[in-house]
Structure formats: C-alpha cells, structure tokens
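J.: A predicted structure for the sequence below; I have some questions about it.
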Amino acid sequence: MRGRLKYIIIIPARYPSTRFPGKPLAKIGGEEMILYVCRAAAATGERVVVATDDERILRCVESRGYEAVMTSNDCKSGTDRVWEAYCKLHSDADVVINLQGDEPFVKVEHIRSLMECFDSDPSTQIATLVKPFDKNEGFESLFDSNRVKVTYARDGRALCFSRSIVPYIRGEEWRKWLDSYTFHIHIGIYGFRASVLGEVTALPVSGLERAENLEQLRWLENGYPIMTRVVADSSIGIDTPSDLEKAEKMLK
C-alpha cells in the first residue's frame, strides 16, 4: 500500500508592491492579512511556512506562533520564492502547496481539494483550482484581464490559461455567450511535486508567458501537465487598497 504523501504549505509574502506596498501586513478586522492565510493553512494539519523578503513580516508571523523563513529580494515570482524556501528548509515533503499571501479568506476545503489531486492520482505533477464563472457578476466582469480564464480536458488537464475570454463562442452574439457555455476562472493556488517545482523554476521564460504574464503557460509550453480541480466558489484576493476596503465590508 502506498504511504501517505507528505505535504508542506509555503506562503510567499513579499513586502514591496507597486500597487500596495506592505500588503501582507495590511489589517482586516484589526489583524494582519498574512495571519488569516496562516490560520487557514494550519487548519489542514500540515506544516506551514511563510516565505518572505522582509523582517517585519517575519516578526509578525513568528509572534503569532507560525513558522517563517527569509528569502532573497531577487525572486522573480512567488513560485521562485517558494522553491527557495523549500530548499532552505531542507524539507523532505513530497508535495509543495503554494498558497498566496493575499488570499485572507481562502478556505481550508480549497487547500484539501488541491491535495486530493495528488492523493487520488500518483501521476499528478502540478495541480491548481478553478471555479465556474458566476453569471450574476455580469458579462463585463468576464472581460477583466485580471481574471484568468481556463479551459480543461475531460480528465481535468488544463488546456489553456488566458487573460482573454476563452473559448470564443463562434456564431453567437457576445451578450448571449454566458448562456452558451460555462466559463471557468482560475484560482491562483498551486500544488507541485517537489522535484517538478525545482524543474519548472529552472525553465527560461517562454513566449506565451511573456505575452500574457502568466507563468503557468511556461510550464504548459514545456510539456508539464497541470491538473485542475473545480470548486464551487473562491475567496477574495487583495491586490489594491480598494480591495482591502471590500474585504473589511465582507468581514463585517
């Protein structure tokens, strides 16, 4: 019988940000955002580590009893930061979960759904989550380039990620597209086999990645399958101070 996989959840949390400097330490309901993420991750019972580039984030996390590790200022992406942390920790985990530090309302059920991709299929190399687009949000929201659209095969393998609307509904007036197809939105939580994480971070930037500024396209271009798992809903990501205001209202 195959033994249980060993997991580690690493939360990349950098301080500099063009749109929202110091975002992980922004407070929601009087508590730093990064602590909400840590709490949800810890509820899985797995080891949780925040990978940061700033001593203030490190002190905040450790003061509440969570684990943190300093990483380089030169990491080009959260994935690179997660890999650096995994190496510095000398972890022997089979699977690394990359949980974003700006998702304060992430659900423990989402993290477990991602883990199930690996528990149920030993061939899974990379996994991520998607959700059906909510028609109540209105068609204009589907045009938002910050909302990455996903198509996937019957077995769950991702076929395409794009900031554009995919698929294009041929022969149908665009206002009726939502009635013709169930679009899916990407939720930016990833799981990696540890060895695969090391491989994909060593790959050079690809053409598709450069065009859409989506690093998962680099992995697809290089032949790494990405399994998707559909969940019913998603949390609110915090990208700007206005997003923080919305989160405060949601909390109340």
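T.: Happy to help now that I have it.
J.: how about the lengthiest helix in the chain: buried residues?
T.: Looking across the chain with DSSP state H, the single longest helix is helix 108-120. Neighbour counts using 16 or more other C-beta atoms under 10 Å place 110-111, 113-115, 117-118 of helix 108-120 among the buried residues. In this view, the C-beta of every residue, glycine as well, is placed from N, C-alpha and C.
J.: would you turn those residues into CSV with pLDDT and distance to Leu129?
T.: As requested, the buried residues of helix 108-120 are exported to CSV (pLDDT from 0 to 100; distance: C-beta to C-beta, whole Å):
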residue, pLDDT, distance to Leu129
His110, 94, 6
Ile111, 96, 9
Ser113, 96, 7
Leu114, 96, 6
Met115, 97, 11
Cys117, 97, 9
Phe118, 97, 13
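J.: is it possible to export the residues you listed to CSV including distance to Val37?
T.: Compiled in CSV, these are given as follows (distance: C-beta to C-beta, whole Å):
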residue, distance to Val37
His110, 12
Ile111, 10
Ser113, 17
Leu114, 14
Met115, 16
Cys117, 20
Phe118, 21
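J.: what about the helices in this structure?
T.: When secondary structure is read from DSSP H, the chain shows helices at 33-42, 55-63, 78-88, 108-120, 139-142, 177-180, 194-201, 207-212, 216-221, 241-251.
J.: per-stretch mean pLDDT over those, give me the minimum one.
T.: Ranked by mean pLDDT, the helices of the chain end with helix 241-251 at the bottom, a mean of 71.
J.: still on that earlier bit, may I have the longest helix of the chain exported as CSV, CA atoms only?
T.: Taking C-alpha atoms only, helix 108-120 is exported to CSV below (Å, rounded to 0.1, in the frame of the first residue of the first chain):
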residue,chain,number,x,y,z
VAL,A,108,-9.3,25.0,4.2
GLU,A,109,-11.6,23.0,1.9
HIS,A,110,-9.9,24.5,-1.1
ILE,A,111,-6.5,23.5,0.1
ARG,A,112,-7.7,20.0,0.8
SER,A,113,-9.3,19.8,-2.7
LEU,A,114,-5.9,20.6,-4.2
MET,A,115,-4.2,17.9,-2.1
GLU,A,116,-6.8,15.4,-3.3
CYS,A,117,-5.4,15.8,-6.8
PHE,A,118,-2.2,14.2,-5.6
ASP,A,119,-3.7,11.7,-3.2
SER,A,120,-6.0,10.4,-5.9
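J.: Does anything pack onto it? Which helices or strands?
T.: Under the contact definition 3 or more C-beta pairs under 8 Å, 6 or more residues apart in numbering; DSSP states H and E, helix 108-120 sits against helix 33-42, strand 95-98, strand 126-132, strand 184-193, strand 226-230.
J.: if we go to 10 Å?
T.: strand 7-13, helix 33-42, strand 95-98, strand 126-132, strand 184-193, strand 226-230 (3 or more C-beta pairs under 10 Å, 6 or more residues apart in numbering; DSSP states H and E).
J.: Of all those, which one is nearest Arg81?
T.: With C-beta to C-beta as the criterion, Arg81 lies closest to strand 7-13 of the helices and strands packed on helix 108-120, at 4.1 Å.
J.: what pairs with that closest one, and is each one parallel or antiparallel?
T.: Using DSSP bridges, the strands paired with strand 7-13 are strand 47-52 (parallel), strand 95-98 (parallel).
J.: CSV for these, including mean neighbour count, mean pLDDT and distance to Val106?
T.: CSV is the format used below for the strands paired with strand 7-13 (neighbours: other C-beta atoms under 10 Å; pLDDT from 0 to 100; distance: least, C-beta to C-beta, whole Å):
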stretch, mean neighbour count, mean pLDDT, distance to Val106
strand 47-52, 24, 98, 12
strand 95-98, 24, 98, 11
